[in-house]
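A.B. asks: Whatever this is, show me its structure:
(one chain, ligands or ions: 1)
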Amino acid sequence: MKNKEIFDVLIVGAGPSGSNTAISYKNLNPDLKVGIIDKAIFPRDKSCGDAIGPGVINALKRFNNEHILDGEPEVISTSLFGPDNIGIQNYIPKVKNKDDSVVYVIPRYELDNRIFEIAKNLNVHSYEGVRYIDYEQTENEDILKVEIENSDKEKNFLFTKLLVGADGANSRVRKSLDLKQNSDIHKAIAIRAYIDSPNYLEIFKERTLMFEINVSALKGYAWAFPSKGNLINIGIGMPLNLFKKDKMDINEMLDSFIRTLESKGVIVDNLRMEKSYMLPFASSRPKLAHDKVALVGDAGSMINPMSGEGIFYGMEAGYLLAKETFGSLNSNKENNLNNNLNKYERALNKRFGMHFLSCTVARLVLQSPFMTKRLLKIASVDKNTINFVVELLFDEARLTIKETFSLAFKFILPFRTVRFFSKSPAFSL
Ligand SMILES: Cc1cc2nc3c(=O)[nH]c(=O)nc-3n(C[C@H](O)[C@H](O)[C@H](O)COP(=O)(O)OP(=O)(O)OC[C@H]3O[C@@H](n4cnc5c(N)ncnc54)[C@H](O)[C@@H]3O)c2cc1C
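C.D. replies: As a prediction, this is how the structure comes out:
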């Protein structure tokens, strides 16, 4: 690595958020000098449910990169189970803000590498096996000096006009900014594993995302998501504060969920690659825009508190950041960059603030097994309710005042009355 490289943008972390940040800058201005460093060597695994929905497809389509999904099988429905084995299956409805109402389940080992490759093909300077350590201001007030270290612990420095922290849930860039991690109440712990199941599609009748709320994890949720062939991604998670309070064991929770799957007739073979990790929820976001530094993705706590989805929000944050700031990286106007970094933060809050708040409320409601049962019962006779839940999961739905009243009435009214006034039920399992 050459000394004294000066980048327009240096991104720490080549996950989906970091790679899409790089892709966005290079598409908006191919002349920018963009660098990306990652402590891992790609392809690398990442603990995840591996589900990507309409948002990620749209983010890829923006710069004509959706071809990386070619040949992947589409998931077409969700199956939600709650306490007392209440279950409902629903097709993924046409989401309002996106073109495609499908989901793909692609191991992150493959997906992240494909997105990173797009960035590399755009002439982004990439350094793998290189760890970010810290940064400092140089004498030139427009330039930051970034300390890095390779796998042999040899130190080096890079120079940049803008530093982007896309380094995930334990972000070191975030630490450099003296920002605390999310508190336990705004974080979840989850474990992911892979199994082979020759009969998953037969048991659930189709390629469906299975969610189980408040059962194997009494105050959280478990999932089984079908990928290619017999490969199924399974996992379970719950809010960290409750996990600690109830002195839970994440491996035992996974075992319990496997027993539930088996009790439904699902064959579970070759359990492997169990890996747990933290999910920083967007219910508590740190300041994202700083002096010549910005945070995107998990580093900036952008995970949907209801679904655990984070890939889309991180990729979209990278795009919003590039869109608001690419014009100020070649100009000499003072403070222009910092003003535009603030614009990025405002644009992200405008786009997702109410949606994140709605998902936080939904998460708190669904933390109660009673409310989960009630919701699933209502949803089993009322398609509007289940569509709204699925839009919170896969789109950018918000709880408007009208929506809140309508849902509150459905919770309060006797079940028979709800059924009488409802149209086209989802089908119960
Ligand atoms: C169990 C589990 C299940 C989940 N399921 C889903 C799901 O189904 N769908 C979904 O959308 N989201 C899911 N999420 C959330 C999703 O995984 C994250 O939101 C997503 O990975 C965020 O992407 P990112 O690029 O911000 O961070 P990451 O994907 O974590 O990438 C960060 C990168 O930074 C690198 N890095 C870290 N520190 C340094 C350093 N000091 N120097 C250099 N490089 C560094 C890492 O090596 C890594 O490559 C799940 C999370 C968990 C834990």
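A.B. asks: The residue in the stretch 51-200 of the chain positioned nearest to the ligand - nearest residue in space that isn't next to it in sequence?
C.D. replies: Ranked by Cβ to the nearest ligand atom, the top residue of the stretch 51-200 of the chain for proximity to the ligand is residue 168, at 2.9 Å. (Each C-beta comes from the backbone N, C-alpha and C, glycine too.) In space, and not counting its chain neighbours, residue 168 is closest to residue 298: 4.7 Å by Cβ to Cβ, 6 or more residues apart in numbering.
A.B. asks: roughly how far apart are the one you found and residue 315?
C.D. replies: 12 Å (Cβ to Cβ, to the nearest Å).
A.B. asks: same question, residue 254
C.D. replies: 28 Å.
A.B. asks: What residues does the protein have near the ligand?
C.D. replies: 12-18, 37-40, 46-51, 131-132, 166-168, 172, 190, 192, 235, 237, 277, 279, 297-298, 303, 308-312, 314 (Cβ under 6 Å from any ligand atom).
A.B. asks: Around residue 374, count how many other residues there are.
C.D. replies: Look at residue 374: counted by other Cβ atoms under 10 Å, it has 19 neighbours.
A.B. asks: same question for the helix or strand encompassing it, mean pLDDT?
C.D. replies: Using DSSP states H and E, residue 374 sits within helix 369-381. For helix 369-381, the mean per-residue pLDDT is 76.
A.B. asks: From the chain's centroid, how far away is it?
C.D. replies: 25 Å (Cα atoms, centre = their mean, to the nearest Å).
A.B. asks: Report all helices and strands that that helix contacts.
C.D. replies: Judged by 3 or more Cβ pairs under 8 Å, 6 or more residues apart in numbering; DSSP states H and E, the packing partners of helix 369-381 are strand 77-81, strand 87-91, helix 336-366, helix 383-394, helix 401-412, helix 415-421.
A.B. asks: Could you list everything residue 128 pairs with in the sheet?
C.D. replies: residue 38 (DSSP bridges).
A.B. asks: I'd like the helices and strands packed on helix 369-381 as CSV, with mean neighbour count appended.
C.D. replies: Shown next, in CSV, are those (neighbours: other Cβ atoms under 10 Å):
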stretch, mean neighbour count
strand 77-81, 22
strand 87-91, 20
helix 336-366, 18
helix 383-394, 22
helix 401-412, 13
helix 415-421, 13
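A.B. asks: Could you report the neighbour count for residue 137?
C.D. replies: Neighbour tally, residue 137, other Cβ under 10 Å: 12.
A.B. asks: which residues does it bridge with?
C.D. replies: residue 144.
A.B. asks: surely it meets residue 160?
C.D. replies: No: Residue 137 lies out of contact with residue 160 (Cβ atoms under 8 Å); the separation is 11.7 Å.
A.B. asks: So for these two, which residues contact both of them?
C.D. replies: residue 144 (Cβ atoms under 8 Å, 6 or more residues apart in numbering).
A.B. asks: Report the spatially nearest residue to the closest residue to the ligand within the chain, omitting neighbours in sequence.
C.D. replies: Proximity of the chain to the ligand (Cβ to the nearest ligand atom) peaks at residue 310, 1.9 Å away. Leaving aside its sequence neighbours, residue 310 sits nearest to residue 303 (Cβ to Cβ, 6+ apart; 3.9 Å).
A.B. asks: So what pairs up with the one you found in the strands?
C.D. replies: For residue 303, the beta-bridge assignment (DSSP bridges) gives partners residue 281.
A.B. asks: which ones are touching residue 144?
C.D. replies: 135, 136, 137, 138, 159, 160, 161, 163, 292, 293.
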